[in-house]
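*Asks:* prediction below, plus the sequence it came from.
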Amino acid sequence: MSGDSDVRSLRISKLERLRELGHDPYTFEEHPQTHTPEEVRANYSSLEGQTVSMAGRVTALRVMGKAAFFDITKDAQRMQVYVKRDDVGELLWEVFGLVDLGDIVGVTGEVFKTRTEEISIHARDLKVLAKSLHVLPIGKEKDGQHWYGLSDVEERYRKRYLDLMSNLESREILLARSRVVSATRRFLDERGFIEVETPILELEAGGAAARPFITYHNALDLELKLRISLELHLKRLIVGGLDKVYEIGRVFRNEGISTRHNPEFTLLELYQAWVKMEDIEQLVEELCRYVAREVYGSEVFQVRGVTLDFSKPWQRVDLLTEIEKHAGVKPSELQDLQSAKSAMDRLGLYSEDETAVGGIIEKLLERFVEPTLIQPTFVENYPIETSPLAKKHPSHPSLTRRFEGYVLGREVCNAFSELNDPIDQLERMQRQHKMLQEGDHEAMPLDEDFIYALECGMPPTGGLGIGMDRLAMTFSGAESIRDVILFPTMRPLEQD
RNA sequence: GAGCCGGUAGCUCAGGGGUAGAGCAACGGCCUUUUAAGCCGUGGGUCGUGGGUUCGAUCCCCACCCGGCUCACCA
């Protein structure tokens, strides 16, 4: 007997025996939990000899004839339980005999210390609250060392429940993600931002450069797209007079999957009327301080061996200056496509498909500058070609009032003084639309109603976008975006 | 999409042209303070899938599937 299906039928017969004994696990609807394991340990002196109740999954089982020790675990806290036949009687002893590693049980008994001084519960009552019909990948652990468990990456993502019960680190990373998101929401709410929800199903997916997912509405007989950004709807709300709005929502991009990309991910976008780029930079600094305090209890913390300091203002650098510094390409070389391409060639980079200087600048940034931006840094002044929704730089018509924030060599935010000139916006969107029609799947469609909204007058506004998954990676030390997404997109196993 | 690496028992892994091993888990026995409990015993595998080479393939070759990493893509 060792195949999992054999185990399953064996455990079902144990389940039937439990029912014969009048102990059907699935009839129990609750179990008292007077204390957590931590509370019992913290208050041992007053609890010694007192009766307590708790419940959890059986994560270790040591049977010695007519007595046994077992561990129950709940909320990553473990408690040892002692059962003795003479104390619980024949019936409960038989019930206990039907308990397997992985079952969910509830116990009631007195707090005591074993010979080796471990605080434990001396069980007087025991309930099986759910049986596990499968052998679970519960590892062994002592003094921080681990044996076995579940390490197969694919299985951890496909069966996250097994990952969560057997890998404490996965649990901690995902809890950190949750704290990052809720802290962000709290921070913005406290500052008077209004949280809104805008459509996921759109006629045209705009606001970013990405290929959308396409779906279909039967009743309207209409092809719809899943949103790729939140931007164009939120700006309409600014026009409407909601001066501080934000949305934290899922967006969908029909693109490749990597350690930094999942087809659906969580985006925060916020817009604040009457402020400019520099104010948004300050907001990002304050937001990160707030999140750091909530997650780590400090504005300075260590992640992956690096000490990140959010207490100080972020470093501000100029995009083209940094490219010159790290790639050796002068700003003058990045004024026309021809010399930009030859600079790429000089660096041994492929440049055949490049059609605009903006794209080359972004590539150089990614390749040479990003890896150097470990401590929090704002890179400012992005090219207009790749920033179709940002306000022009007043003295450099090829640049915009845009910045991106970098931490640990990864982009964490993208922000700008929003373009509110409807004529300029229309021209830029028409240019994008033309590229789209010429086959660039990632170019932006023309959104006429958005232009109309701008024509009605949008106040000067600062905007910000943060990939919450990447922010969670930064604050949890996760190496892959899949570690901060509970159920990442995977190819299905069976293909029939 | 390309390159490299991986897929062997429920889990973690080793092995390698003659149809497979370990530890944990499982099953049976002993054990009334153990804690990676211990001791004795038992069972369990389409070696990712499909072809090919071979007397013989889990191993070699090819294709495919799934995953990981790197690159490309992703403003």
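*Replies:* Looks like it came in fine.

*Asks:* tell me what the lengthiest helix in chain A is packed against?
*Replies:* Identified as the longest helix of chain A according to DSSP state H is helix A:168-190. The criterion is 3 or more Cβ pairs under 8 Å, 6 or more residues apart in numbering; DSSP states H and E, and the helices and strands that helix A:168-190 contacts are helix A:160-166, strand A:194-195, strand A:244-252, strand A:264-273, helix A:277-296, helix A:468-476. Heads up, the C-betas are built off the backbone N, CA and C, glycines and all.

*Asks:* tell me which of these is the most buried.
*Replies:* Each of the helices and strands packed on helix A:168-190 was assessed for mean neighbour count using mean count of other Cβ atoms under 10 Å. The highest is helix A:468-476, with a mean of 24.

*Asks:* residues touching A:Thr108, list them.
*Replies:* Residues touching A:Thr108, when contacts are defined by Cβ atoms under 8 Å, 6 or more residues apart in numbering, comprise A:32, A:51-53, A:123-126.

*Asks:* can you flag the buried ones in the residues you listed?
*Replies:* The neighbour count (16 or more other Cβ atoms under 10 Å) marks A:52-53, A:123-124, A:126 as buried among the contacts of A:Thr108.

*Asks:* of those, which belong to strands?
*Replies:* The strands in this structure, assigned by DSSP state E, contain A:52-53, A:123-124, A:126 from the buried ones among the contacts of A:Thr108.

*Asks:* tell me which of those is nearest to A:Arg289?
*Replies:* Ranking those by separation from A:Arg289, with Cβ to Cβ as the measure, puts A:Val52 on top at 40.6 Å.

*Asks:* so that closest one is in contact with A:Ile121, correct?
*Replies:* Yes: look at A:Val52 against A:Ile121 with Cβ atoms under 8 Å: they come within range, at 6.5 Å.

*Asks:* which neighbours do the two share?
*Replies:* Common contacts of A:Val52 and A:Ile121 (Cβ under 8 Å, 6+ apart): A:40, A:109-111.

*Asks:* using CSV, please lay out the residues you listed together with distance to RNA strand B.
*Replies:* As requested, these are arranged in CSV below (distance: Cβ to the nearest atom of the strand, whole Å):
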residue, distance to RNA strand B
A:Val40, 14
A:Gly109, 11
A:Glu110, 10
A:Val111, 12
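
*Asks:* how about a markdown table for these, with pLDDT, distance to A:Arg431 and secondary structure added?
*Replies:* Rendered in a markdown table, the data for the shared contacts of A:Val52 and A:Ile121 read as follows (pLDDT from 0 to 100; distance: Cβ to Cβ, whole Å; DSSP: H, G, I helix; E, B strand; the rest coil):
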| residue | pLDDT | distance to A:Arg431 | secondary structure |
| --- | --- | --- | --- |
| A:Val40 | 98 | 67 | helix |
| A:Gly109 | 98 | 74 | strand |
| A:Glu110 | 98 | 77 | strand |
| A:Val111 | 98 | 73 | strand |
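
*Asks:* where in the stretch 51-200 of chain A is pLDDT low?
*Replies:* In the prediction, the stretch 51-200 of chain A carries no residues with pLDDT under 70.

*Asks:* check which helix or strand A:Ser45 maps to.
*Replies:* helix A:44-47 (DSSP states H and E).

*Asks:* what residues sit buried inside that helix?
*Replies:* The neighbour-count check on helix A:44-47 (16+ other Cβ under 10 Å) flags A:Leu47 as buried.

*Asks:* contacts for it, please.
*Replies:* Surrounding helix A:44-47, the residues in contact under the criterion Cβ under 8 Å, 6+ apart are A:35, A:40, A:111, A:113, A:119.

*Asks:* break chain A down into its domains, please.
*Replies:* By the record's domain assignment, chain A is partitioned as A:4-136, A:169-314+A:375-483 (automatic domain parsing).

*Asks:* and these, which is most packed in?
*Replies:* Burial among the domains of chain A, expressed as mean neighbours by mean count of other Cβ under 10 Å, is greatest for domain A:169-314+A:375-483, which shows a mean of 18.

*Asks:* pull up the distance across that one, start to finish.
*Replies:* With Cα to Cα, to the nearest Å applied, domain A:169-314+A:375-483 spans 10 Å between its terminal residues.

*Asks:* same check on stretch A:195-203?
*Replies:* One end of stretch A:195-203 sits 23 Å from the other (Cα to Cα).

*Asks:* now swap in stretch A:323-341 and tell me
*Replies:* This stretch, stretch A:323-341, spans 15 Å end to end (Cα to Cα).

*Asks:* is any residue of it near RNA strand B?
*Replies:* No: shown here: stretch A:323-341 not in contact with RNA strand B (Cβ under 7 Å from any atom of the strand), separated by at least 12.8 Å.

*Asks:* so which residues make contact with that stretch?
*Replies:* Judged by Cβ under 8 Å, 6+ apart, the contacts made with stretch A:323-341 from elsewhere in the structure are A:320-321, A:342-343, A:347, A:351, A:354-357, A:360-361, A:364-365, A:367-369, A:372, A:398.

*Asks:* cutoff 7 Å now
*Replies:* When contacts are defined by Cβ atoms under 7 Å, 6 or more residues apart in numbering, stretch A:323-341 is touched by residues A:320, A:343, A:347, A:351, A:354, A:356-357, A:360-361, A:364-365, A:368-369, A:372.

*Asks:* so can I have TSV of the helices and strands packed on helix A:168-190 showing distance to RNA strand B?
*Replies:* Below are the helices and strands packed on helix A:168-190 laid out as TSV (distance: least, Cβ to the nearest atom of the strand, whole Å):
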stretch	distance to RNA strand B
helix A:160-166	8
strand A:194-195	23
strand A:244-252	11
strand A:264-273	10
helix A:277-296	16
helix A:468-476	11
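
*Asks:* follow-up on the earlier one: for A:His146, find the nearest of the domains of chain A.
*Replies:* When these are ranked by proximity to A:His146, the top entry is domain A:169-314+A:375-483, at 9.9 Å, counting by Cβ to Cβ.

*Asks:* before we move on, the earlier item: between the ones in strands among the buried ones among the contacts of A:Thr108, which is closest to A:Leu150?
*Replies:* Distance ranking of those against A:Leu150, using Cβ to Cβ, places A:Leu126 first at 27.5 Å.
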